[in-house]
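>>> Take this sequence and fold it.
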Amino acid sequence: MKTNVVPWYARNYPAWLALVLIVMGALLYYTRYSLFLFLSSWLFSYSGALSAIFLLGGAFGTLGAWIARKRKTLFTYRIALFSLLFSLGMLAEVNTGEKRGYTQEDVSFMNEGVDLEGTIYLPARDIEGGIVLVHGSADFDRGFYHVWADYFARNGIAVLSFDKRGTGDSGGVFVENNNAAAGNLNLLASDVIAGLERLLEEKELQGVPVGIWGISQAGWILPLVADQYPVDFLLFVSGPTCTVREEQVYSEIRGDHTREATGSREEAEEAVLQNGPGGFDPVPYLENITIPAFWVYGNEDDSIPVGRSTAILDTLIARGKPFEYDVLPQTDHILFARTGLPRFNPAYWRITTEWMRQNILLSPAQTPERSVVRTGPVRGGGMQNDAVVLEEMGLLVSDRNGHVRVTGRIDNLYPEVLLEAGIRPPARVLEFNGEEVQTSEELSAMFKGISKGNAFVIKFEHQGKINEFELEK
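Residues are numbered from 1 along each chain as shown. Got it, this is the predicted structure:
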């Protein structure tokens, strides 16, 4: 006598496949900033991957429901119907900009004759700041950095993430060998400056602080950028403050490239001190920086000497630099936790948000010592004569897009004020060396009366705020 054995609910594989797909999609969607989002953003479009998963889930759910009705298996019918409805709902959610919290726009900009391609993330909420993401040494395109762009954009920070030269859709050549040479670092820094100028073309970023974020090799690039271009803050992930040779000695012993360590982290740190510095050194640039900066390291980093880097930071902080750092336990170079599920250490997102709230994302009234006004090109209006005078004084510097900034130093602070005529009220010079100024002609005459090398004080008003700079001719 034959026994009719029906495999698990009438072999309705489409229904079960649909369920597996929606579980995968749900994990990918709800476990943000974990391995799922990291890998998906590295390999392909995050929202595109989710859409594909839920489209397939819906299709198999439909097929599974049809099979279940034919075979009259109520349980798999419910599984298939649930998968279909869930997939449709998630498809709508993934593709709704308001739910995502930001919009994305592909942009391009030029530097050194090379076209660089990127994406600007604009938060749907009020924008509190802007940031350009800076690459590590590897040849990853912007997709690799989506996890960080997504995080910043959801927290009200506009982001420019672009393909490193020679990768993705960007032109140019990716330098693989000796890519930490000073010449290549300076070239990459100039790409970042071009990116900052492109980001600042967005009208939504007027009047908000704008900075740069970088990982690994970017620890050498960010100080170069800050030395050449006015930014308001720096954020580092595993950014070395040591020299290139010190990093190379450490990473070689720890097997960062060969995956075979020849010594412990403590032995590698000792070897760094014995071999001494060499190659590019970011410290001279860090010594000139007076804007807030924050480094986050993992104590199980096999790429950079965290002990040496934090010792350098301790020295700079002792000299009064507005720097801070944190070392996360059981965390690696890209801040993946070494315990539990493979994911970013959740403490990273928390401490980064807290630092930004305390140091950057504050209203001008809360930070009177720092005046930052982002603007566009100078054109016509009441600022024009003053702009000419300030340019004669060497205080007005134009960038490649025609934006201008007035630069100077006050009590070791580094305020940069970008002035725009026609969109915002023009700046009005009030005093020069304590003397009241009525006209641009008076200001020009006063400036010409100062000998080269002598200091002078200029006071001007912008948007109701009084700015006083002590400068040297």
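>>> Only C-alpha atoms from now on, for both contacts and neighbour counts.
Will do.
>>> tell me which element Ile53 falls in.
helix 46-71 (DSSP states H and E).
>>> can you give me the strands in the stretch 201-350 of the chain?
210-215, 234-237, 293-298, 323-328 (DSSP state E, counting those that start in this stretch).
>>> Pro346 - how many residues pack around it?
Using other C-alpha atoms under 10 Å, Pro346 has 13 neighbouring residues.
>>> low pLDDT regions in this structure?
Along the chain, segments meeting pLDDT under 70 span 1-10, 30-48, 94-100, 177-178, 258, 340-342, 361-429, 438-444, 452-453, 460-473.
>>> Where do the domain boundaries of it fall?
The chain breaks down into these domains under automatic domain parsing: 8-95, 101-364, 383-472.
>>> Next, format the strands of the stretch 201-350 of the chain as JSON lines and append distance to Thr243.
Shown next, in JSON lines, are the strands of the stretch 201-350 of the chain (distance: least, C-alpha to C-alpha, whole Å):
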{"stretch": "strand 210-215", "distance to Thr243": "16"}
{"stretch": "strand 234-237", "distance to Thr243": "16"}
{"stretch": "strand 293-298", "distance to Thr243": "16"}
{"stretch": "strand 323-328", "distance to Thr243": "18"}
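>>> Switch those over to a markdown table; also include mean neighbour count and distance to Asn12.
Shown next, in a markdown table, are these (neighbours: other C-alpha atoms under 10 Å; distance: least, C-alpha to C-alpha, whole Å):
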| stretch | mean neighbour count | distance to Asn12 |
| --- | --- | --- |
| strand 210-215 | 24 | 48 |
| strand 234-237 | 24 | 48 |
| strand 293-298 | 25 | 47 |
| strand 323-328 | 18 | 48 |
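>>> Can you point out the buried residues in stretch 14-34?
14-19, 21-26, 28-29, 32-34 (16 or more other C-alpha atoms under 10 Å).
>>> same deal with stretch 255-264?
Asp256, Ala261.
>>> Can you measure across it, start residue to end residue?
End-to-end distance for stretch 255-264: 10 Å, by C-alpha to C-alpha, to the nearest Å.
>>> again with stretch 249-257
12 Å.
>>> ok, residues contacting it?
By C-alpha atoms under 8 Å, 6 or more residues apart in numbering, the surrounding residues in contact with stretch 249-257 are 258, 260-265, 268-269, 271-272, 275, 302-305.
>>> Can you tell me which of these is nearest Val210?
Ile304 (27.1 Å; C-alpha to C-alpha).
>>> which residues sit in contact with that closest one?
Ile304 touches Ser238, Gly239, Pro240, Glu247, Gln248, Tyr250, Ser251, His333, counting by C-alpha under 8 Å, 6+ apart.
>>> Emit the ChimeraX select command for whichever of those residues are buried.
Here is the ChimeraX selection string for the buried members of those, based on 16+ other C-alpha under 10 Å:
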select :238,239,240,247,248,250,251,333
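>>> Distance to Gln206 added to the contacts of Ile304, as JSON lines?
Formatted as JSON lines, those follow (distance: C-alpha to C-alpha, whole Å):
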{"residue": "Ser238", "distance to Gln206": "30"}
{"residue": "Gly239", "distance to Gln206": "29"}
{"residue": "Pro240", "distance to Gln206": "32"}
{"residue": "Glu247", "distance to Gln206": "38"}
{"residue": "Gln248", "distance to Gln206": "41"}
{"residue": "Tyr250", "distance to Gln206": "43"}
{"residue": "Ser251", "distance to Gln206": "42"}
{"residue": "His333", "distance to Gln206": "34"}
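>>> what about the nearest residue to Tyr13 once chain neighbours are set aside, neighbour count?
Distances taken as C-alpha to C-alpha, 6 or more residues apart in numbering place Gly64 nearest to Tyr13, at 7.3 Å, with adjacent residues excluded. Neighbour count of Gly64, defined by other C-alpha under 10 Å: 28.
>>> Gly64 and Ala15 touch, don't they?
Yes - at 4.2 Å, Gly64 counts as touching Ala15 under the criterion of C-alpha atoms under 8 Å.
>>> need the helices for the stretch 1-150 of the chain, in chain order.
8-11, 13-30, 35-43, 46-71, 74-94, 97-100, 146-154 (DSSP state H, counting those that start in this stretch).
>>> Now tabulate these in CSV and tack on distance to Gln358.
As requested, the helices of the stretch 1-150 of the chain are arranged in CSV below (distance: least, C-alpha to C-alpha, whole Å):
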stretch, distance to Gln358
helix 8-11, 57
helix 13-30, 28
helix 35-43, 27
helix 46-71, 31
helix 74-94, 32
helix 97-100, 25
helix 146-154, 16
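>>> Give me the distance between Ala52 and Leu28.
12 Å.
>>> what do you get for Val20?
12 Å.
>>> Leu21 too?
11 Å.
>>> picking that back up, which members of the contacts of stretch 249-257 occur in helices, if any?
Arg265, Ala268, Glu269, Ala271, Val272, Asn275 (DSSP state H).
>>> any idea how far Ala180 is from Gly239?
13 Å.
>>> Find residues that contact each of those two.
Common neighbours of Gly239 and Ala180 (C-alpha under 8 Å, 6+ apart) are Gln217.
>>> by contact count, what packs against the helix holding Ile53?
helix 13-30, helix 35-43, helix 74-94 (3 or more C-alpha pairs under 8 Å, 6 or more residues apart in numbering; DSSP states H and E).
>>> tell me the contacts of the spatially closest residue to Gly214 that is not a sequence neighbour?
If you skip the residues right next to it in sequence, Gly214 has Val134 as its closest partner in space, 4.4 Å away by C-alpha to C-alpha, 6+ apart. Neighbour list for Val134: Ser161, Val192, Ile212, Trp213, Gly214, Ile215, Ala218, Leu222 [criterion: C-alpha under 8 Å, 6+ apart].
>>> need the contact list for the third one.
Put plainly, it is Ile212. Ile131, Val132, Leu133, Val134, Leu222, Val231, Phe233, Leu234, Leu235.
>>> of all those residues, which comes closest to Leu430?
Nearest to Leu430 among those, with distances taken as C-alpha to C-alpha, is Val231, at 26.1 Å.
>>> since we're on the closest one, how many residues are nearby?
By other C-alpha under 10 Å, neighbour count at Val231 equals 22.
>>> Skipping adjacent residues, who's closest to it in space?
The nearest residue in space to Val231 (C-alpha to C-alpha, 6+ apart) is Gly211, at 5.1 Å.
>>> ok, back up a step: if we take the contacts of Ile212, which one ends up nearest to Val457?
Val231 (23.2 Å).
>>> doesn't Leu222 make contact with the closest one?
No - when contacts are counted by C-alpha under 8 Å, Val231 is not listed as touching Leu222 (10.1 Å).
>>> and the nearest residue to Leu196 once chain neighbours are set aside, how far is that from Asp126?
In this structure, Leu196 finds its nearest non-sequential neighbour in Val132, 6.5 Å apart by C-alpha to C-alpha, 6+ apart. According to C-alpha to C-alpha, Val132 and Asp126 sit 18 Å apart.
>>> Could you check which of the two is surrounded by more residues?
Val132 (23 against 12).
>>> mind listing what the residue nearest to Tyr13 touches?
Asn12, Tyr13, Pro14, Ala15, Trp16, Ala18, Thr76, Tyr77, Ala80.
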